[in-house]
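K.L.:
Predicted model and sequence below, questions to follow.
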Amino acid sequence: MSQKVGYPDYMKELIKKVEETRERRLEETFRRLKPEEKEELLRKWHPDYRPEGKRPLKIGPSRGLKVPHEVADLIEAYPLINPDEIDLSKVDYEADILIIGGGGAAASAALWANNSGIPAENILIATKLRFGDANTKMAQGGIQAADRPEDSPTRHFIDIMGGGHFANDPELVKALVRDAPFIIKWLEDMGVMFDKDEEGNMMELSGGGTSRRRLHACKDYTGLEIMRVLMDEVWNRGIRILEFSPAVELLTDENGERVTGAVLWNLETKEYYIARGKAVILATGGFGRLHIQNFPTTNHYGATMDGVVMAYRVGAKLRDLDSTQYHPTGAAYPEQIVGLLITEKCRGLGAQLVNIDGEQFIYPLEARDVVASAIIRECYGRDKGIVTPTGMRGVWLDMPMIEIIHGEGTIKRYLAAINRMFTRFGIDPTKEPVLVFPTLHYMNGGICINVNAQVLNGEGNPIKGFFAAGETTGGVHGKNRLMGNSLLEVTVYGRRAGISAAKYVKNSEYGKISLNHVKRYEKMLIEAGIPRKRKAPMLLPEYRGEKVLSRAISLFPI
Amino acid sequence: MGEHVKNVKMVKIYIMGKEYEVPEGLTIMKAMEYAGYRFIRGIGCRGGFCGACSTIYRMKNDYRLYTGLACQTTVQDGMYLVQIPFTPAEKPKYNVDELKPTGTTILSIFPEIARCVACNACTKACPQNLQVMDAIQAIKRGDLAKAAELCFDCISCGLCTIRCPAEIIHYHAFQLVRRLYGKYIAKKAKHLEERVKEILQGKYDEELEKLAKMTIDEWKKLYEERDIEK
Amino acid sequence: MNGLKLMYFPGCALKSTAEDYEKTAIAVAEKLGVELLELERWNCCGVVFNVAADAVMHHIAAVRDLIRAQEMGRKLNDNRLVTICSMCYSTLKRVNQIVKDDPEKLRNINEFMDEEEDYEGNIEVIHLLQVFKDLVGYDKIKEKVSRRMEKIKAAPFYGCALLRPKEVSIDDPEDPKIMEELIEALGAEAVKFPYEIKCCSSYNVIYDRKITEETAAEIQRAAERWGANIIVTTCPLCHYNLNTSKRKNGIPTIYFTELMAYAFGLEETLSPETLKIFNKILEEI
C-alpha cells in the first residue's frame, strides 16, 4: 500500500502531445547518427567529457590516469585501519580461495572453483552486506550471447569493440564472446527460466549497439533470476559465506608480490577478522554510490568501489576509469524512484524517446553514451525537456507503444518489474509514458586483468594469487559497455577467476600475511601531500539527514 | 546527495514506536535516514529488487497490517512501522540434478506446504502483489509450471513466511520450483546446444584470432559496415 | 437435458495421482450430455484434517472454494457444485453445512476473508453419482452402453466419505444402493458385499502401512468370496489403499468412471493398465 502519486495535471496535459504524435511516430524511425555526429554529441554533452569533472591520479601504478574527482578522492586516501594496531598473528578465517564480494561474479567464481575440485568448505565468500546484495540482482534487460544461426561470436566481438570506442582489450573481448553461449547453456542447465517460445528457442532482443538480436532475458528480472539461481547453488554446495564483513584492506606477503588474504570488518560487532587465502578473488562491483557529478544512481547501497581502492594499494593497474556509464533511462518521476533503472529492453521493444513537443530526437537504440548525451542535450541544451515538480528534468519514454506493437499485455508479462515500479506510484506504463533522465549506472573501467582473470600490476604482469572479475575490472567494455554484457562479464570472468584460482591453489601453500603494502602506500600519500582526513574504502554512503548529522556524536567507547 | 528540502510539509511517523517528524513524500527508507538511521540491515538495492527492506506497518484507526518495501513505499502521516530485515528459515540443501520435477519432490523437501489452509495471509503480505496462496496451491496439486509462473516476480523478502500460520517457507519452495521448471519442464534451446558444440569444435577460433589482432582502423571499418538486424 | 453445464471442483488428487479419474469422469459426463466446468480458481479443500476439529481457521479453505463456486455459479445461473473425489465431496459438503447451520461462524469467516465477497450459503454440493442418478437418469446411461458387460462382476466400495456422517450421506449410510444401481445400468453385475461400507484405513497408509495392507486384503478377499472380479470406488485414497493389498491375484480396484468409460466404448480415455484389467477379466471367462 503506497500513496498513489500519479502525474500532476500539467504533466497530464503534456502527455496529450505525446499521444497526438504517437500514431505517426509508430511509422517513423529516427535516423542513426554518423560517427562524427556521435563524437560531437558526446564531446559536448556527455558528463565524462567535462574536464572539470576529472583529475589525474598523483600516485601509484596508474599515475596520470584521469579519473572523476569522486574516484580520485577515494584512491588518494588513507586506510581506515592503522596497520600498527592490527594483530596479524592470529588468523580468524582460512580458505584455499577467499572471494571478496557477493554478487554474480563472486558466486560464479565460487561455483567454478568448486567444479574445478576445490572442496566447498575450502572456499570462503566474504561480503559486505548479504550474499547476493549486488548490482547483479538489479540488472533487468538481458545477457548477451551469439547463439542464433543468424549471429556469430565474431559479430558479437565487433559490436563490443565498436560500443567501447575500440578502447577495449581485444583478448578479453575474444574470451568473452567465445565463452558466452556456453555460459547461457550452463545457466539453462541450472534451471534459469529464460524467456523461450513454445519450441524452447530463446526469445532474444536487440540492445543498444547490437547488430543482432542476442539478448537473453527472464522478463525484465534477468539479473534477479540469474543471481538467485547462482545463490541457490552456492548454498546447496555448502560453500562458506561470511556476511556483513567487508574487506577493508588486502593482505600481501612481505614483498607485496603476492596477495595472501584480507582484513575483514564485521559491520555489526565492529571486530576485525584476519582472513587468509591461498588465492584471493576480488569481485566487489561498481561505484554508483559515489554519485559522480551528483547524478542519482541505479546501483545498490554498497556500490562504493572498495575493491579498486584496495587493489590499487597492492599495486594493481587501473584502466578506463575516466569513463563512467550513465544509463540513458533512469526514472525521473516520481521523486521516490529517481535514478532507478528502466531497462533498455523497453526501447528494444519499440518505446521511443520523445521531447516536450512529442517528437523524437534520437534513435533509441544507439549506444548508451550517445543516447544519454542526447537526452542531456535535449533537456539542457535545447530546453525541450519536461520539468517535474521537484525541479528534475527528463524526457518521455513512450511505453504505450510497446503494447501497440507487441499486443496488449506485453508490458505486464515481459516488463513486470517496470510495470510494478510505476503502478506502485499510480502511473500505468501501459497507458502513459514515463519520464526518464540519465542516471549513474556502470563503472566501465577498473582493475586490469588478463583472460585468466589475473590482476595485473603496473608492468602488466600478474600479481601472484590475485584474481578479479566483474564490474570491478576494466578492459572488457572499453569506454562504454553495451547492454547485456555485464551479466555476461560477471559469469564469464567469474568462472575464469574460479578456475584460475583453483589451478593456482593446487600447487601452493598459504603465504605470509602483512600490511606492508599499506604502509608503503601511506608513505606515497604523505609525500604527495594528500590530506589526512580522506579515508577509504568508503564501505557505505552517508545518507543521514543533515540536521541529525550536525548533532550526532559517537559516545560508545570500543 | 544534496537535500533540497525547503518548505515541505512534514508528517509524523513512528519508527518502532518512536515518533519522528519527516518530510512528506519521502520513502520509508529515506525517511528513516532523514531521522538519523544509518542502515546496515534492512537495506540492499534501494530499488525494489532484493527484498532486504521488508516493512510492516499500521495506519491510524485501521486494524489492518500493511506490508511494503521501505524503498518503494512513501511515508504517510500516522504510519506506525517496523522493519523485518531477516526471516528465520534455513534453506534446505538439494541437488537439482537428482530431483524429479514433481509436486511430490517439493512436498518431500517442504512438507509444511501440505498444511496450507488457504487463509491467504501470504498473499496479503506480499509487497509484490503476487498470488502467493495460488502458487502454493499449484505446488500442492503438482502443477509446477503454474507455480513457477505465479511466483516468478518473488524477491524473497520473507513476509509471507513470517505471516503464515502453517509455517510454510514459501520463497525457498518457490526457488526450487523455478529451478525445476527451468531445468526440466521448459524445453531446451536446441540452437544454443548447436552453437556451443560449434565453438568447442573451434569453428570461430581462426576468425576471432584474426579479429583480436586487427588495428583500430580495421575494427572501425568493420563496425561501420556491419549490417544491423531489424 | 442436453447440454447441461455444471461447475465442478477437482481437488488435488484428481490433478496429480488420480488423473485417470478426472479424465474418465469428464469424458463419460460429456457422453451423457453433461459438461463439467472446472472452477476457475480453487484451492485444496483440506479433506478430513480441515473438518476434524471445530477450528474456524481450518474451515476457511473449503469456504473459499464455496465462494469460488458462488462466483462461477452466478455466471452459469446454477448453484450446484459437482465433486468427483468423495473426500472433497465430504469436506465441502460438511463445511457448507457447518456454516449454514451456524450464522455466527459464517459471519466470522466472512469477516476474516475480507478480500473475498461474503459467502451467502447458497451453494449445493453434490457428487457425480448423484448427477448421473438424478440429473441424467439410468435410462440414458443404459442407452450409451455399447458393449456387453455381463462378464464384469463389480463390487461397489463406498468407503467412508460418501456415507458418513449421515447428515451429508448421499444414500442410506448402512445400506446404500446408488453404486449398485449404476453398475446394473451399465449392464454389469453388481456384487453387494458386507465390507462395501468399511473404512479402507484412510491415512493409516502413511503412519502404519501394514494396517492398510491387511485391511485391503480383507476387503479384497470378501469381495472375491461374494463373486466379484473387480472392485469399483469413488475415492482416490480408497483406490490407492485397496491396491496396496499384497495378495497374489487379488482382484483390482478401479474408479467407477473408468467402468463407465469402458462400457461406453471410450477406451481412449483409459490408461493402458486399466485396459489390461478389463481385457484380463474378459479373457478368463
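P.N.:
Received, thanks.

K.L.:
Confirm A:Gly223 sits in a strand?
P.N.:
No - A:Gly223 sits outside any strand when classified using DSSP: H, G, I helix; E, B strand; the rest coil, being helix.

K.L.:
what about A:Arg393, distance to chain B?
P.N.:
Taking CB to the nearest CB, to the nearest Å as the measure, A:Arg393 falls 14 Å from chain B. Quick note: C-beta positions are derived from backbone N, CA and C, even for glycine.

K.L.:
surely that residue meets A:Gly385?
P.N.:
Yes - using CB atoms under 8 Å as the test, A:Arg393 is close enough to A:Gly385 to be in contact (4.2 Å).

K.L.:
in what helix or strand does the closest residue to C:Leu106 other than its chain neighbours lie?
P.N.:
Distances taken as CB to CB, 6 or more residues apart in numbering or on different chains put C:Val99 closest to C:Leu106, at 4.1 Å, once the chain neighbours are dropped. Here C:Val99, judged by DSSP states H and E, is contained in helix C:86-101.

K.L.:
Which helix or strand lies directly C-terminal to that helix?
P.N.:
Counting by DSSP H and E, what follows helix C:86-101 is helix C:103-112.

K.L.:
Show me how far that next one is from its chain's centre.
P.N.:
Counting by CA atoms, centre = their mean, to the nearest Å, helix C:103-112 is centred 29 Å from the centre of its parent chain.

K.L.:
who touches that helix?
P.N.:
B:119, C:56, C:59-60, C:63, C:98-100, C:116, C:118-119, C:121 (CB atoms under 8 Å, 6 or more residues apart in numbering or on different chains).

K.L.:
give me that answer again for 10 Å
P.N.:
B:119-121, C:54, C:56-57, C:59-60, C:62-64, C:67, C:95, C:98-100, C:102, C:116-121 (CB atoms under 10 Å, 6 or more residues apart in numbering or on different chains).

K.L.:
Would you mind getting the angle between it and helix C:86-101?
P.N.:
Helix C:103-112 and helix C:86-101 meet at an angle of 110 degrees, taking axes from the mean of the first three to the mean of the last three CA atoms, to 10 degrees as the criterion.

K.L.:
Kindly check the end-to-end length of stretch A:376-396 for me.
P.N.:
13 Å (CA to CA, to the nearest Å).

K.L.:
The closest residue to C:Leu282 other than its chain neighbours in helix, strand or coil?
P.N.:
Excluding the flanking residues, the one nearest C:Leu282 by CB to CB, 6+ apart is C:Lys151, at 5.7 Å. Under the three-state scheme (three-state DSSP), C:Lys151 adopts coil.

K.L.:
wait, C:Lys151 sits on C:Tyr262?
P.N.:
No - with contact defined as CB atoms under 10 Å, C:Lys151 does not reach C:Tyr262; the gap is 11.7 Å.

K.L.:
what residues are shared contacts of those two?
P.N.:
Joint contacts of C:Lys151 and C:Tyr262 (CB under 10 Å, 6+ apart) are C:188, C:278.

K.L.:
Show me which of the two is the more surrounded one.
P.N.:
Under the criterion of other CB atoms under 10 Å in any protein chain shown, the comparison of C:Lys151 against C:Tyr262 puts C:Tyr262 first, with 26 against 15.

K.L.:
what about the residue lying closest to that one once chain neighbours are set aside, which SS state?
P.N.:
Excluding the flanking residues, the one nearest C:Tyr262 by CB to CB, 6+ apart is C:Phe278, at 5.4 Å. Under three-state DSSP, C:Phe278 falls in the helix class.

K.L.:
residues contacting C:Phe278?
P.N.:
Contacts of C:Phe278 by CB under 10 Å, 6+ apart are C:147, C:149, C:151-152, C:230, C:252, C:254, C:258-259, C:262-263, C:267, C:270.

K.L.:
Then B:Glu224?
P.N.:
By CB under 10 Å, 6+ apart, the residues touching B:Glu224 are A:34-35, A:158, A:162.

K.L.:
how close does the nearest residue to A:Gln140 once chain neighbours are set aside get to A:Pro328?
P.N.:
Nearest non-adjacent residue to A:Gln140, counting by CB to CB, 6+ apart: A:Thr343, 3.6 Å away. Note on A:Thr343: its distance to A:Pro328, by CB to CB, to the nearest Å, is 11 Å.

K.L.:
since we're on the residue of chain B at minimum distance from chain A, how many residues are nearby?
P.N.:
Relative to chain A, the nearest point of chain B is B:Lys187 (2.7 Å; CB to the nearest CB). For B:Lys187, the count of nearby residues is 11 (other CB under 10 Å).

K.L.:
okay, now the residue nearest to it when sequence neighbours are not counted: neighbour count?
P.N.:
Excluding its sequence neighbours, the residue lying closest to B:Lys187 (CB to CB, 6+ apart) is A:Gly200, at 2.7 Å. Look at A:Gly200: counted by other CB under 10 Å, it has 15 neighbours.

K.L.:
Would you mind listing what in chain B touches chain C?
P.N.:
Applying CB under 10 Å from any CB of the partner chain, we find that chain B lies next to chain C at B:64, B:102-104, B:113-121, B:123-124, B:131, B:133-134, B:136-138, B:140-143, B:165-166.

K.L.:
Could you give me the PyMOL selection string for whichever of those are buried?
P.N.:
Buried residues within the residues of chain B next to chain C, by 16 or more other CB atoms under 10 Å in any protein chain shown, are selected in PyMOL with:
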select buried, chain B and resi 103+113+116+117+118+119+120+121+123+124+131+133+134+136+137+138+140+141+142+143+166
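
K.L.:
now A:Tyr363: how far from chain B?
P.N.:
Distance of A:Tyr363 to chain B, computed by CB to the nearest CB: 11 Å.

K.L.:
who does the helix or strand where A:Thr439 lies touch, helix- and strand-wise?
P.N.:
Using DSSP H and E, A:Thr439 sits within strand A:434-443. Counting contacts by 3 or more CB pairs under 10 Å, 6 or more residues apart in numbering or on different chains; DSSP states H and E, strand A:434-443 packs against helix A:9-26, strand A:324-331, helix A:368-376, strand A:386-387, strand A:393-397, helix A:416-423, helix A:485-506.

K.L.:
how about a cut-off of 7 Å?
P.N.:
Using 3 or more CB pairs under 7 Å, 6 or more residues apart in numbering or on different chains; DSSP states H and E as the contact test, the elements touching strand A:434-443 are strand A:324-331, helix A:368-376, strand A:393-397.

K.L.:
Which residue ranges of the stretch 101-250 of chain C form helices?
P.N.:
Taking DSSP state H, counting those that start in this stretch to define them, one finds helices in the stretch 101-250 of chain C at C:103-112, C:128-130, C:138-144, C:178-185, C:204-207, C:209-225, C:236-242.

K.L.:
Please parse the chain into its domains.
P.N.:
Going with chain A. A:9-30+A:327-440, A:79-323+A:444-520 (automatic domain parsing).

K.L.:
actually it's chain C I care about, not the one you picked
P.N.:
Taken from automatic domain parsing, chain C resolves into C:4-128, C:144-284.
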